[in-house]
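>>> compute the structure for the input listed below.
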Amino acid sequence: MNPYFKRRQKVLQSLEGNAAVLLFSGKAKMRSQDETYPFSIDRNFYYLTGLDKEDMALLMYSIDGMKREILFILPYDETLARWVGGRMSKEDAAMISGVEDVRDREELDDTVASILNRTRKDSDFAFCFDLWHYTMDQDLSEATIYARKLQERYPYLHIKDIYPVMTSLRLIKDVHEIACIRKAIHTTNLGIRQMMKTIRPEMNEMTMEGAFNYELSKSLCKVNAFPTIAASGERATILHYMDNDQIMKDGELFLCDLGATYDYYCADISRTFPVNGKFTERQKEIYQIVLHAQKLVEENAKAGVRMRDLNQLVVDYYQEELPKHGLNEDVSEYYFHSVSHHLGLDTHDVDGGMGAILQAGNVITDEPGLYIAEEGIGIRIEDDLLIGQDRCEVLSAEIIKQIDDIEEFMKQGQ
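Prediction:
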């Protein structure tokens with residue numbers, strides 16, 4: 001059975017009473033003149049269809065026990081095909097998504113109006129959209145604009161947010177999703193190894209980012225999971241350092257936080273290694289503290305545990321351990337982020353918050369760090385974990401992180 005069909009059925013089964021769901025694939029935003037920003041598919045639309053094209057819409061509804069799904073796509077354009085390539089055919093869209101009823105995009109409004117006319121007698125009929133917003137001032141989504149239009153024209157209509165339903169589904173990864181994340185992690189590993197082979201004192205951080213992206217291109221990975229962090233020395237103590245344009249000095253550590261994608265599923269990995277291939281004794285000392293903190297999370301991450309409890313394990317360990325190494329300020333001075341977040345179609349994937357209880361099938365990160373600006377030492381070690389009922393699996397176990405392994409690999413590479 002088509003996996004996207006199975007997911008759509010779960011969405012329809014979650015609806016209470018008669019209701020409809022409308023999701024949009026999105027559109028590329030204009031950047032300047034006739035240029036657009038690269039198009040990025042709406043992840044909930046992709047999760048339910050497997051389609052990666054602009055200006056599509058998925059309509060699903062359940063009325064008096066009858067369930068239907070309709071896909072709306074742009075029609076083929078001969079002139080456009082000569083300039084940028086042909087649009088997806090209805091046959092291909094149906095084959096990939098498993099939606100049998102595929103119509104022209106311009107038919108959406110009339111189809112929605114027809115459904116609302118049929119359900120006028122049902123005072124509880126709900127129309128569901130993905131109404132997620134991250135900030136108050138971000139641009140209104142196509143879903144929000146369409147929901148407003150419907151509310152204005154049909155004041156009696158109940159508008160509901162389908163985002164909580166999508167979150168509950170996407171949190172539990174199926175076999176295909178986990179396989180995609182494994183592939184993204186493997187490609188990320190190749191990129192990190194290339195960086196370790198390439199790095200030298202007096203190189204620019206940008207060279208490291210380029211080495212990583214080159215390896216991703218060789219692996220046919222078109223999209224990074226997120227902008228690469230490539231930070232050396234004191235800059236590695238800045239959590240989301242993005243400039244990646246400074247000279248790396250002999251004796252400094254280099255911190256990279258990066259990830260490849262596979263079918264939009266993300267890897268999120270951090271590694272820290274010496275610019276010259278050899279850790280100093282002090283760097284080893286701090287590195288081992290972070291490595292132990294990461295192991296604590298790995299040993300305790302399983303179904304039934306709260307995300308915030310994993311983070312508290314790290315804080316409690318640091319409170320006890322850091323003063324032994326001359327770090328006497330409050331832990332928050334050296335460690336100021338959470339140890340984990342969910343991972344999937346988004347790097348910071350949908351989740352239920354730090355108070356949420358982990359379930360088997362979740363994929364989360366394990367990323368403790370220590371940031372000592374006055375010593376120019378920033379260390380973060382991050383792996384991706386698949387949560388099981390009684391334990392977790394380290395999906396990124398292939399990526400080396402022990403001090404001896406790093407130094408030996410870099411010695412061979414140089």
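
>>> from here on, just use CA atoms for contacts and neighbour counts.
Will do.

>>> what is the neighbour count of Ala293?
Neighbourhood size, Ala293 [other CA atoms under 10 Å]: 24.

>>> quick check: chain neighbours aside, which residue is closest to it?
Once flanking residues are discounted, Ala293 sits nearest to Val314: 5.6 Å by CA to CA, 6 or more residues apart in numbering.

>>> same thing with Leu80?
Gly86 (6.7 Å).

>>> so the one you found touches Pro75, yeah?
No: the pair Gly86 and Pro75 does not pass the contact test of CA atoms under 8 Å, sitting 9.7 Å apart.

>>> now name the helix or strand holding Ala184.
Assigned by DSSP states H and E, Ala184 falls within helix 175-198.

>>> should've said Thr111
Per DSSP H and E: helix 108-118 holds Thr111.

>>> and that helix, what's buried?
Of all the residues in helix 108-118, those buried under the rule 16 or more other CA atoms under 10 Å are Leu108, Leu116.

>>> which outside residues touch it?
The contact list for helix 108-118 (CA atoms under 8 Å, 6 or more residues apart in numbering) reads Phe72.

>>> just checking, what packs against the following helix or strand past that helix?
The first helix or strand that comes after helix 108-118 along the chain, using DSSP H and E, is strand 126-129. When contacts are defined as 3 or more CA pairs under 8 Å, 6 or more residues apart in numbering; DSSP states H and E, strand 126-129 sits against strand 19-24, helix 142-153, strand 158-161.

>>> hmm, back to that, quick one, grab the pLDDT at the residue nearest to Ala293.
For Val314, the model assigns a pLDDT of 98.

>>> try Gln414
In this model, Gln414 carries a pLDDT of 58.

>>> then Met307?
94.

>>> settle this for me: it is touching Asn362, isn't it.
No: contact criterion CA under 8 Å: Met307 and Asn362 do not qualify, at 11.4 Å.

>>> test my guess that Lys302 contacts Gly361.
No: if you go by CA under 8 Å, Lys302 and Gly361 don't touch, sitting 9.8 Å apart.

>>> now the common contact residues for these two.
Common contacts of Lys302 and Gly361 (CA under 8 Å, 6+ apart): Ile387, Gly388.

>>> can you give me the end-to-end span of stretch 374-383?
With CA to CA, to the nearest Å as the measure, the ends of stretch 374-383 fall 27 Å from one another.

>>> Glu106 and Asp55, how far apart?
Counting by CA to CA, the gap from Glu106 to Asp55 is 10 Å.

>>> common neighbours of these two, please.
Leu74.

>>> neighbour count winner among the two?
Higher neighbour count among Glu106 and Asp55: Asp55, with 16 against 12, using other CA under 10 Å.

>>> for the more buried one, give me its contacts.
Phe24, Ser25, Gly26, Lys27, Ile73, Leu74, Arg105.

>>> thought Phe39 was touching the fourth one, still the case?
Yes: under the contact definition of CA under 8 Å, Lys27 touches Phe39, with a separation of 6.6 Å.

>>> the two: which is more packed in?
Ranked by neighbour count (other CA under 10 Å), Lys27 and Phe39 place Lys27 first, with 19 against 13.

>>> for that one, list the residues it contacts.
Phe39, Ser40, Ile41, Glu54, Asp55.

>>> phi, psi for it please.
phi -140, psi 150 (degrees, to the nearest 10).

>>> read off the pLDDT value for it.
Reported pLDDT for Lys27: 93.

>>> same deal with the one 4 residues further on?
At Arg31, the pLDDT value in this model is 91.

>>> name the helix or strand for it, please.
Using DSSP H and E, Arg31 maps to strand 30-32.

>>> which residues touch that strand?
Defining contact as CA under 8 Å, 6+ apart, one finds that strand 30-32 is touched by Thr36, Tyr37.

>>> quick check: what element follows that strand along the chain?
That would be, after strand 30-32 and using DSSP H and E, strand 35-36.

>>> for that next one, what is the average pLDDT?
89.

>>> what's the burial count for Arg153?
For Arg153, the count of nearby residues is 9 (other CA under 10 Å).

>>> measure it to Tyr146 for me?
In terms of CA to CA, Arg153 sits 11 Å off from Tyr146.

>>> name the nearest residue to Leu23, ignoring sequence neighbours.
That would be Leu58: by CA to CA, 6+ apart, it lies 5.2 Å from Leu23.

>>> residue ranges with poor pLDDT in this structure?
Along the chain, the parts satisfying pLDDT under 70 run over 413-414.

>>> what residue spans form the domains of it?
Following automatic domain parsing, the chain resolves into domains at 3-170, 172-413.

>>> right, so those domains: which one is the most enclosed?
When you average the neighbours per residue for each of the domains of the chain (mean count of other CA atoms under 10 Å), domain 172-413 leads with a mean of 20.

>>> so what's Met208 up against?
Applying CA under 8 Å, 6+ apart, we find Met208 in contact with Met195, Thr198, Ile199, Ala230.

>>> can you tell me which of the residues you listed is closest to Gly65?
If you rank these by distance to Gly65 using CA to CA, Ala230 comes first, at 54.0 Å.

>>> SS state for the closest one?
strand (DSSP: H, G, I helix; E, B strand; the rest coil).

>>> how about the helices in the stretch 251-400 of the chain?
Counting by DSSP state H, counting those that start in this stretch, the stretch 251-400 of the chain has helices at residues 281-300, 307-321.

>>> now the first one: how far from the chain's centre is it?
I take that to be helix 281-300. 25 Å (CA atoms, centre = their mean, to the nearest Å).

>>> output that helix as PDB, restricted to C-alpha atoms.
Extracted as PDB, the C-alpha positions of helix 281-300 are listed here (Å, rounded to 0.1, in the frame of the first residue of the first chain):
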ATOM      1  CA  GLU A 281      45.900  18.300  27.300                       C
ATOM      2  CA  ARG A 282      43.400  21.000  28.300                       C
ATOM      3  CA  GLN A 283      41.300  20.400  25.200                       C
ATOM      4  CA  LYS A 284      41.200  16.700  25.900                       C
ATOM      5  CA  GLU A 285      40.200  17.400  29.500                       C
ATOM      6  CA  ILE A 286      37.100  19.400  28.500                       C
ATOM      7  CA  TYR A 287      36.300  17.200  25.500                       C
ATOM      8  CA  GLN A 288      36.100  14.100  27.800                       C
ATOM      9  CA  ILE A 289      33.600  15.900  30.000                       C
ATOM     10  CA  VAL A 290      31.300  16.600  27.100                       C
ATOM     11  CA  LEU A 291      31.700  13.100  25.800                       C
ATOM     12  CA  HIS A 292      30.700  11.700  29.200                       C
ATOM     13  CA  ALA A 293      27.700  14.000  29.300                       C
ATOM     14  CA  GLN A 294      26.600  12.700  25.900                       C
ATOM     15  CA  LYS A 295      27.000   9.100  27.000                       C
ATOM     16  CA  LEU A 296      24.700   9.800  30.000                       C
ATOM     17  CA  VAL A 297      22.000  11.000  27.600                       C
ATOM     18  CA  GLU A 298      22.500   8.000  25.400                       C
ATOM     19  CA  GLU A 299      22.200   5.600  28.300                       C
ATOM     20  CA  ASN A 300      19.000   7.100  29.500                       C
END
